[in-house]
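In: coords please:
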Amino acid sequence: MHTLYIAVSAFDIIALSLVIGPLATTLWIVPKDANIAFQGRLWRLTGGALGALTLSSVTLLVGRTLEMSRQGLDHVAHWLPLVVRETPFGHVWLFRPAILAMAWAAWFVGRNLERRRSAAAFLFATAAVIAFTRSATGHPADQGSWTLPEWVDWVHLVAVSVWAGVVFTMSITIFPRLSRERLSPSVRADLITRLSSVATVALICILLTGILSAYHYIGTWAALRDSTYGHILLVKLALVAVAVALGAANRFLFVPRIRAAASTVAIRSTSPHQTDEKPFGFLIRSVGIETLILLAVLATAAVLLHGMPPREMDHAIGGAMARAPRHAHPAGPQRATLRRTLTQRPQLQHFISTVRYGVLPMRTSTRDWL
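Out: Here you go, the predicted model:
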């Protein structure tokens with residue numbers, strides 16, 4: 001069942017990235033000279049992704065309800081109203097329907113090409129607000145509402161969504177049609193340069209916020225090495241490192257060669273079809289691989305969301321030890337053994353949920369809540 005909860009969170013995070021990706025591509029990557037060629041496809045992709053985000057929002061509410069209540073799907077109708085009304089997660093989630101309604105209104109307005117850019121900007125803002133609802137119901141919320149960890153996590157999530165969403169959008173929407181649209185080499189070079197610049201800015205934000213978050217939740221190298229949360233984080237970092245290497249190859253190897261080829265066409269009046277297409281082919285394949293890796297990064301982020309960071313674990317252990325009878329508190333290897341024991345106990349698993357989503361007392365009747 002725990003895997004199902006992780007899958008629900010992964011679906012929601014990926015859906016959010018799929019909304020942000022085509023919007024960022026529309027606003028910052030596609031040149032004006034290529035608007036007619038791609039704007040229709042980008043807007044249809046945005047609509048499909050928005051539908052996925054709407055579905056994931058409902059699925060997320062059901063999944064969190066099952067996780068907090070520890071009941072089966074046949075009891076969800078009983079517990080769902082209580083989760084919405086009585087828990088911090090439910091209070092935050094209530095913002096989603098209103099925000100999604102505004103997002104859908106903006107999408108319908110954006111079907112008019114003349115209003116599309118302003119509609120895309122508004123839609124991007126609504127997606128960013130939805131991203132904040134994730135930060136406000138995850139680990140950062142343990143420190144309280146509107147705290148620095150929430151804002152750091154929010155910037156990190158938006159930046160990751162831009163990076164992953166943009167490369168996904170380019171792979172499935174832009175690159176397959178470049179040869180058919182017969183854009184000039186200069187326009188193609190401009191598009192690729194914009195893609196590289198947006199990815200670079202997103203990566204800088206990801207690295208800075210990622211370092212801050214890792215220090216906040218991990219704290220020490222020993223915790224990174226010895227905890228399950230730290231091991232999963234290392235897997236995520238390894239995937240990010242591979243994606244960064246591919247992005248660096250794109251920016252410093254392929255993009256300069258594509259721009260040089262475009263300059264050669266402009267200076268020598270060479271036919272666009274006589275330019276060297278190898279760098280562009282390498283770039284397309286590299287971005288395709290980068291897309292798959294970043295989707296894996298988003299899935300790993302969902303796993304981390306349902307794990308307990310070492311500092312939260314120490315806090316839980318400290319509370320348990322403070323309530324224990326007076327005797328020598330375990331330390332060193334004994335403390336590590338206690339940590340492993342607690343992570344296997346159902347009681348602590350329930351604590352892991354309630355500390356982030358809110359306490360949901362196990363009542364048998366809705367009358368107890370009135």
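In: ok, then the element right after the lengthiest helix in the chain?
Out: Using DSSP state H, we find that the single longest helix of the chain is helix 35-69. Once helix 35-69 ends, the next helix or strand along the chain (criterion: DSSP states H and E) is helix 76-86.
In: check which residues of the longest helix of the chain are buried.
Out: Within helix 35-69, the residues that count as buried by 16 or more other CB atoms under 10 Å are 37-39, 41-43, 45-47, 49-50, 52-54, 56-57, 59-61, 63-69. C-beta coordinates here come from the backbone N, C-alpha and C atoms, glycine included.
In: cool, stretch 179-187 as well?
Out: L183, P185, S186, V187.
In: among the residues you listed, which ones are in helices?
Out: Using DSSP H, P185, S186, V187 are the members of these that sit in helices.
In: where exactly do the helices run in the stretch 101-250 of the chain?
Out: With helices called from DSSP state H, counting those that start in this stretch, the stretch 101-250 of the chain shows them at 116-135, 148-169, 175-181, 185-217, 221-226, 228-249.
In: most tightly surrounded among those helices?
Out: Of all the helices of the stretch 101-250 of the chain, helix 148-169 has the most neighbours on average by mean count of other CB atoms under 10 Å, namely a mean of 24.
In: roughly how far apart are T133 and A125?
Out: 14 Å (CB to CB, to the nearest Å).
In: correction: the previous question concerned R180.
Out: In this view, R180 and A125 are 33 Å apart by CB to CB.
In: what residues are up against the nearest residue to L73 once chain neighbours are set aside?
Out: Among residues not flanking L73 along the chain, L66 sits closest, at 6.7 Å (CB to CB, 6 or more residues apart in numbering). When contacts are counted by CB atoms under 8 Å, 6 or more residues apart in numbering, L66 is found next to M1, Y5, G72, L73, V76, W79.
In: can you tell me which of those residues is nearest V160?
Out: Nearest to V160, judged by CB to CB, of these is Y5 at 20.3 Å.
In: which residues does that closest one contact?
Out: So Y5 contacts G63, R64, L66, E67, H306 (CB under 8 Å, 6+ apart).
In: what about K32, neighbour count?
Out: Neighbour count of K32, defined by other CB atoms under 10 Å: 8.
In: what's near enough to touch it?
Out: With CB under 8 Å, 6+ apart, K32 has no contacts at all.
In: of the contacts of Y5, closest to L157?
Out: Within the contacts of Y5, the smallest distance to L157 is 15.5 Å, found for H306 (CB to CB).
In: isn't the closest one right next to L4, touching?
Out: No - counting by CB atoms under 8 Å, H306 does not reach L4; the two are 10.5 Å apart.
In: between the two, who's got more neighbours?
Out: More crowded of H306 and L4, by other CB under 10 Å: H306, with 18 against 10.
In: how much space separates the nearest residue to that one once chain neighbours are set aside from D74?
Out: Ranked by CB to CB, 6+ apart and with sequence neighbours excluded, the top spatial neighbour of H306 is I6, at 5.3 Å. From I6 across to D74, the span is 22 Å (CB to CB).
In: same question, L66
Out: On the measure of CB to CB, L66 and D74 end up 11 Å apart.
In: swap in T169?
Out: From T169 over to D74 the distance is 39 Å, taken as CB to CB.
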